[in-house]
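> build me a structure from this.
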Amino acid sequence: MRELVVVSGGTKGIGKALAEKFAQQGYDVAVCARSQQDLEDLKSDIESKYQVNCFIKKTDVADKAEVLEFGEFVKKIQSPIAVLVNNAGVFVQGNIISEEEGTLEKQISTNLYSAYHLTRSLAGKFLEQKKGYIFNMCSIASLKAYDNGGSYTISKFALLGFSKSLREEFKPFGVKVSSVMPGATLTNSWAGVDLPSERFIQPEDVAATIWSAFSLSDSVVIEEIIMRPQLGDI
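Numbering: from 1, shown residues only. Next up, the predicted model:
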């Protein structure tokens with residue numbers, strides 16, 4: 001039985017690169033996203049290229065009930081879970097004192113609560129296995145406030161705190177936890193920005209770095225992964 005890699009927000013950007021990277025290495029993948037068509041396109045592409053299974057479920061991760069439904073969907077696959085990547089997220093520009101009402105709630109629900117609820121849903125599997133790896137896709141904004149990114153920064157600081165707490169809780173059970181803090185990465189969040197692609201981190205580089213961390217021996221974990229464009233933050 002092939003092991004399973006679970007990726008939230010897995011049809012675009014870093015999530016898609018991760019799903020493809022692990023599928024290329026022979027892992028089945030389970031992916032959620034909001035667009036059914038994007039999910040079906042990903043499933044067709046991965047299964048034809050890599051001869052593994054790609055399990056898909058349409059999910060709005062800002063909705064707790066849908067996140068929990070995705071968790072149950074994953075458990076019904078009945079495969080050992082090698083990796084959970086809490087990748088789904090949203091970036092809404094704005095300053096704390098002037099952003100639209102509800103901006104904080106939207107980003108907290110998507111960037112923090114989705115990871116919290118999905119991890120709790122699958123925690124029993126990891127504890128039963130006494131192994132596995134959880135990668136939480138934080139951000140440079142988890143370490144340094146973004147200009148015009150007030151609530152986004154708050155949500156990512158909170159996600160890093162969640163990830164650090166998970167690391168301590170799972171430590172005795174053989175389950176690894178890493179916080180991943182990429183800087184500006186060439187995804188839809190930067191669509192329309194007049195900068196060359198070379199100025200950004202490529203999603204494939206983030207996926208390759210996570211694969212490298214995952215590939216280490218059982219006796220070591222990289223607790224934090226910080227990545228920036230070569231020329232620095234944008």
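> in whichever strand or helix holds residue 66, what counts as buried?
If you go by DSSP states H and E, residue 66 is part of helix 64-76. Of the residues in helix 64-76, 66, 67, 69, 70, 71, 73, 74 count as buried by neighbour count, 16 or more other CB atoms under 10 Å. Any C-beta I mention is one placed from the backbone N, CA and C, and that applies to glycine too.
> quick one, strands of this protein?
Under the criterion DSSP state E, the chain contains strands at 4-8, 28-33, 54-58, 81-86, 132-137, 175-182, 224-227.
> ok so, going back, could you export the buried residues of helix 64-76 as a markdown table, including distance to residue 185?
Converted to a markdown table, those look like this (distance: CB to CB, whole Å):
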| residue | distance to residue 185 |
| --- | --- |
| 66 | 25 |
| 67 | 23 |
| 69 | 28 |
| 70 | 24 |
| 71 | 26 |
| 73 | 28 |
| 74 | 25 |
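> tabulate the strands of the chain (a markdown table), appending mean pLDDT and distance to residue 145.
Shown next, in a markdown table, are the strands of the chain (pLDDT from 0 to 100; distance: least, CB to CB, whole Å):
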| stretch | mean pLDDT | distance to residue 145 |
| --- | --- | --- |
| strand 4-8 | 98 | 25 |
| strand 28-33 | 98 | 28 |
| strand 54-58 | 98 | 34 |
| strand 81-86 | 98 | 22 |
| strand 132-137 | 98 | 18 |
| strand 175-182 | 98 | 14 |
| strand 224-227 | 98 | 16 |
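> what residue is smack in the middle of this protein?
By CA atoms, centre = their mean, the chain has its centre lying nearest to residue 87, at 1.6 Å.
> out of the strands of the chain, nearest to residue 216?
Comparing the strands of the chain by their distance to residue 216 (CB to CB), the top pick is strand 175-182, with 8.8 Å.
> give the buried residues for the longest helix along the chain.
Using DSSP state H, we find that the single longest helix of the chain is helix 150-170. Within helix 150-170, the residues scored as buried using 16+ other CB under 10 Å are 150-160, 162-164, 166-167, 170.
> what's the angle from that helix to strand 175-182?
For helix 150-170 against strand 175-182, the angle by axes from the mean of the first three to the mean of the last three CA atoms, to 10 degrees is 160 degrees.
> for helix 150-170, the averaged confidence score.
Helix 150-170 carries an average pLDDT of 98.
> would you mind writing the CA trace of that helix as PDB?
In PDB, the C-alpha atoms belonging to helix 150-170 read as follows (Å, rounded to 0.1, in the frame of the first residue of the first chain):
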ATOM      1  CA  GLY A 150      -1.800  43.900   8.600                       C
ATOM      2  CA  SER A 151      -4.300  41.100   9.100                       C
ATOM      3  CA  TYR A 152      -2.300  38.700   6.900                       C
ATOM      4  CA  THR A 153       0.700  39.200   9.200                       C
ATOM      5  CA  ILE A 154      -1.400  38.600  12.300                       C
ATOM      6  CA  SER A 155      -2.700  35.300  10.800                       C
ATOM      7  CA  LYS A 156       0.800  34.100   9.800                       C
ATOM      8  CA  PHE A 157       2.300  35.000  13.200                       C
ATOM      9  CA  ALA A 158      -0.500  32.900  14.700                       C
ATOM     10  CA  LEU A 159       0.200  30.000  12.300                       C
ATOM     11  CA  LEU A 160       3.800  30.000  13.400                       C
ATOM     12  CA  GLY A 161       2.700  29.800  17.000                       C
ATOM     13  CA  PHE A 162       0.400  26.900  16.200                       C
ATOM     14  CA  SER A 163       3.200  25.200  14.400                       C
ATOM     15  CA  LYS A 164       5.700  25.600  17.300                       C
ATOM     16  CA  SER A 165       3.100  24.200  19.700                       C
ATOM     17  CA  LEU A 166       2.500  21.200  17.500                       C
ATOM     18  CA  ARG A 167       6.200  20.500  17.300                       C
ATOM     19  CA  GLU A 168       6.300  20.200  21.100                       C
ATOM     20  CA  GLU A 169       3.200  18.100  21.400                       C
ATOM     21  CA  PHE A 170       4.100  15.600  18.700                       C
END
